[in-house]
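K.L.:
pasted the sequence and its predicted model underneath.
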Amino acid sequence: STKTAANVITQRGTQKRLVFGPRDGKVTPKMREIERIFIDAGIDAKLTEKIESKLWKKFLFVVSFSSATIAGKCAIGEALAKPASKRVYEEVLREALAVGRAEGVVFEPDIFEQTLRGALEFDPLTKSSMLVDLENHRQTEVEALQGTLIRLAEKRQVQVPVTRQIYEQIRNVVK
């Protein structure tokens, strides 16, 4: 979803699922009740005991997706069709995986392919919300995405040069 005009939110793509759960993995009856309320309200909701891995999976997708669309200054379909911005996507994804592993996250063996496939299957006309924000001279989520990846990389002494490049590119536009 992206704010496309004053008081207008546009939804592109088909991923409309709410996944939630406790950080400690201990599901409570109250959480199950909340899940039931969401489902009864027509919300595609899923309670999980493994929220950390779900958060990382989403983070991998969003940080690489936004980086590619920023690098290409275009929607994801075009970004993945251009060799330079596709390389940015792949390198940022590799960097995020390395940081996640250094943080102790255990990923599925084919997580790189899953994540890339998800982007390739996404509505090709979709721009990342970060690119839309840049185009509209609004505050971006660069600190929450690329900034977080950089800070975690520094903590774990993992090199993330492509993420840093995108981070600086965004910060230079925002100034």
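P.N.:
Received it, and whenever you're ready, just let me know what you need. This structure is a prediction, so every number in the text was calculated from the model and none was measured. Numbers count the residues shown, from 1 in each chain.
K.L.:
local confidence estimate at the residue of the chain positioned farthest from its centre?
P.N.:
Most distant from the centre of the chain: residue 29, at 29.7 Å, with distances by Cα atoms, centre = their mean. Confidence at residue 29, expressed as pLDDT, is 97.
K.L.:
with residue 5 instead?
P.N.:
76.
K.L.:
the residue positioned nearest the centre of the chain is in what secondary structure piece?
P.N.:
Nearest to the geometric centre of the chain sits residue 62, at 1.5 Å (Cα atoms, centre = their mean). Here residue 62 sits within helix 51-72, counting by DSSP states H and E.
K.L.:
any buried residues in that helix, and which?
P.N.:
Judged by neighbour count (16 or more other Cβ atoms under 10 Å), helix 51-72 contains these buried residues: 51-53, 56-57, 59-72. Backbone N, C-alpha and C define where each C-beta goes, glycine included.
K.L.:
so the closest residue to residue 101 other than its chain neighbours: helix, strand or coil?
P.N.:
Sequence neighbours aside, residue 107 is the residue nearest to residue 101 in space, at 7.1 Å (criterion: Cβ to Cβ, 6 or more residues apart in numbering). Following DSSP: H, G, I helix; E, B strand; the rest coil, residue 107 is assigned to coil.
K.L.:
for residue 107, grab the count of nearby residues.
P.N.:
16 (other Cβ atoms under 10 Å).
K.L.:
list the contacts for it?
P.N.:
Residues in contact with residue 107, defined by Cβ atoms under 8 Å, 6 or more residues apart in numbering, are 53, 56, 57, 97, 100, 101.
K.L.:
distance of the fifth one from residue 57?
P.N.:
Going from residue 100 to residue 57 by Cβ to Cβ, to the nearest Å gives 9 Å.
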